[in-house]
Every structure is written in structure tokens, then in C-alpha cells.
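Q: okay, structure incoming, though there's no sequence with it:
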């Protein structure tokens with residue numbers, strides 16, 4: 001495999017077998033095959049003129065000059081570099097070459113900025129548990145805040161599978177939210193200072209507060225700034241829509257020859273219009289193991 005464009009479920013299904021131990025990448029492809037709302041992208045594990053041309057063709061089709069960079073690696077470790085950066089296609093090779101040299105597989109996706117997530121949601125499902133758990137972070141936060149445990153969820157639901165009755169619902173205390181908001185602001189300041197997917201993040205290098213506010217305003221990505229004074233709970237219908245999609249997810253994955261539950265599905269409601277985007281599935285028992293998900 002050198003470069004594969006994914007813009008439909010059939011192409012995604014055919015690509016799954018190319019990545020037997022790339023769990024994050026496989027799960028994004030599986031989401032495509034299941035017809036859940038997600039983003040299209042270009043996958044590659046080497047660099048050359050043919051890859052650059054495929055990326056430019058993809059950008060031309062969707063009308064953009066930036067893409068969202070993510071990466072994965074067989075036998076992934078907990079120290080993996082963070083993705084979720086928008087990169088300019090004019091210098092994309094500078095961004096991806098250091099990651100390719102680390103043996104990583106890149107997937108460049110439609111440019112959905114992590115600063116524009118209205119809500120991000122993780123759904124946790126365990127076999128035999130009568131409830132599913134929904135964890136939420138609010139406007140201006142992103143899915144990595146939940147997946148990597150960067151922050152305590154702002155809301156948490158336990159919902160009965162058979163009745164969809166909310167058995168338990170907790171919301172973060174105001175003071176705890178403000179502390180969470182400050183940690184997110186610091187994270188964004190570091191991300192903006194880094195300004196590149198290929199640079200190492202450093203907690204000592206960050207933009208000044210005024211620069212962060214100015215940059216987010218200039219980008220039209222001010223959701224975090226607008227949420228500085230308190231957390232606005234997720235509309236119940238948005239939370240329940242995620243639950244409806246997740247309820248049969250484990251069985252659907254098993255039908256594709258992939259693991260089912262236990263799992264955590266990760267998604268965001270993106271932009272002020274709350275477009276749903278499913279990012280990936282994490283299988284906790286496989287996250288840092290070397291077992292192949294599909295025959296190689």
C-alpha cells in the first residue's frame with residue numbers, strides 16, 4: 001500500500017485488510033463501511049509524487065487547501081504523537097515525512113478543526129452491562145480530551161439499553177468546569193504555538209492569552225472563548241442520537257470480522273450546526289497490544 005483514497009464504504013471495506021494491527025485506522029474505515037457519519041480521507045505510508053498528486057486531487061474534489069492530519073502505527077504505544085492538526089497541502093510533505101520515518105501510517109482527512117467541536121462524546125459499552133455510558137465535553141473541547149483522559153467529562157450519562165431510560169446523569173460542578181476550561185485553554189495555547197503537526201509539543205512553549213483569543217477569533221473558532229463562564233449541557237436529543245448509533249455497533253463490528261464490545265466509540269458534533277462526525281473506536285483490551293485485528 002502506498003496511497004488509498006477513502007470516500008465511500010466499499011473502498012473502506014477493501015482497505016481494512018491492509019492494516020491488520022492499525023486499530024485506530026481500521027476503526028475509522030469500519031465506521032465508513034457501517035454508514036455512520038464520518039469524514040473522507042487519503043491514507044499513505046510513504047512519500048512520492050504519486051502520493052502528492054493523490055492528495056491534491058482529493059483536495060480539489062472537496063474544495064480545500066488544508067487537511068486534518070491523523071496517524072497510526074502497528075503496535076502503538078501510549079507515547080504516540082498527537083494528531084488533530086490542520087496542515088496546508090502546499091507544505092504537507094514537511095509535516096508527514098517525520099511521521100513516516102517513525103513507521104507511521106498517515107491519514108489526511110477533511111479539514112474539521114478540533115477547535116470547532118460543539119460537543120465531543122465518548123460512548124462506552126461492556127458486554128453484559130445493562131447500561132451504556134455516555135461521556136461529554138462541551139463547546140471548544142475535542143474528542144482527544146476524553147480519549148486520552150486529558151480532562152474529566154463535563155457530563156456523564158448511564159442509559160439503560162433496552163428502555164433508553166437515563167439511569168444516572170451527572171454534570172460537572174461550576175468550579176470544576178472553570179478549572180477544566182483553563183486546562184483546555186492552556187492546551188489550545190500550546191497547540192497554536194506548536195503550529196505544526198511535525199513539531200514536538202512542549203508545555204513551556206505556548207501563545208500568550210491575548211494571542212490565543214486573537215487567533216481563535218481570527219479563525220472564526222471561538223466556541224471555547226464563548227464557553228468561558230460555564231458549561232451548557234448537551235441537548236438530550238444529541239446525546240440519545242449517539243446512543244442509538246452505538247447500541248448495535250458491537251454486533252455490527254463483529255459481523256465485519258472485527259472485535260465487538262468492550263469498546264469506546266468517539267465522535268463530535270462539529271460546528272455550530274452540530275454536524276455528527278464519528279472518529280474511531282477504541283477496544284481497551286487491544287489498544288497497546290500487537291494482536292492483528294484482521295488476517296495480514
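A: On my side now, so go ahead. Given the structure is predicted, the values throughout are model-derived calculations rather than measurements. Numbering: from 1, shown residues only.

Q: helix or strand for residue 42, which one?
A: strand 41-44 (DSSP states H and E).

Q: which elements pack onto that strand?
A: When contacts are defined as 3 or more Cβ pairs under 8 Å, 6 or more residues apart in numbering; DSSP states H and E, strand 41-44 packs onto strand 3-6, helix 49-62, strand 105-109. For the C-beta atoms, the positions are set from N, CA and C on the backbone; glycine is no exception.

Q: and those: which comes nearest residue 20?
A: Closest approach to residue 20 among these (Cβ to Cβ): strand 105-109, 11.7 Å.

Q: parallel or antiparallel, which strands does the closest one pair with?
A: strand 41-44 (antiparallel), strand 66-72 (antiparallel) (DSSP bridges).

Q: who's in contact with the first one?
A: The one in question is strand 41-44. Residues outside strand 41-44 that contact it (Cβ atoms under 8 Å, 6 or more residues apart in numbering) are 1-6, 15, 25, 28, 51, 54-55, 58, 67, 96, 105-110.

Q: the residues you listed, buried ones only, as a PyMOL selection?
A: Entered in PyMOL, the line below selects the buried ones among those, by 16 or more other Cβ atoms under 10 Å:
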select buried, resi 3+4+5+6+15+25+28+51+54+55+58+67+96+105+106+107+108+109+110
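
Q: still on that earlier bit, distance from the chain centre to the strand holding residue 42, please.
A: 15 Å (Cα atoms, centre = their mean, to the nearest Å).

Q: hang on, the earlier thing: make TSV out of the strands paired with strand 105-109 and add mean pLDDT and distance to residue 209.
A: Formatted as TSV, those follow (pLDDT from 0 to 100; distance: least, Cβ to Cβ, whole Å):
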stretch	mean pLDDT	distance to residue 209
strand 41-44	97	34
strand 66-72	94	25
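
Q: in JSON lines: those strands, plus distance to residue 121.
A: Shown next, in JSON lines, are the strands paired with strand 105-109 (distance: least, Cβ to Cβ, whole Å):
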{"stretch": "strand 41-44", "distance to residue 121": "21"}
{"stretch": "strand 66-72", "distance to residue 121": "18"}
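
Q: who wins for proximity to residue 253 among those strands?
A: strand 66-72 (17.2 Å).

Q: can you name every helix or strand that the helix or strand following the closest one contacts?
A: Using DSSP H and E, the helix or strand that follows strand 66-72 towards the C-terminus is strand 85-88. Applying 3+ Cβ pairs under 8 Å, 6+ apart, we find strand 85-88 packed against strand 66-72, helix 92-101.

Q: pick the most buried one from these.
A: Stretch with highest mean neighbour count among the helices and strands packed on strand 85-88: strand 66-72 (a mean of 23; mean count of other Cβ atoms under 10 Å).

Q: show residues contacting that strand.
A: Contacts for strand 66-72 (Cβ under 8 Å, 6+ apart): 19, 22-25, 39, 41-42, 55, 58-59, 80-81, 83-89, 92, 95-96, 99, 104-113, 197.
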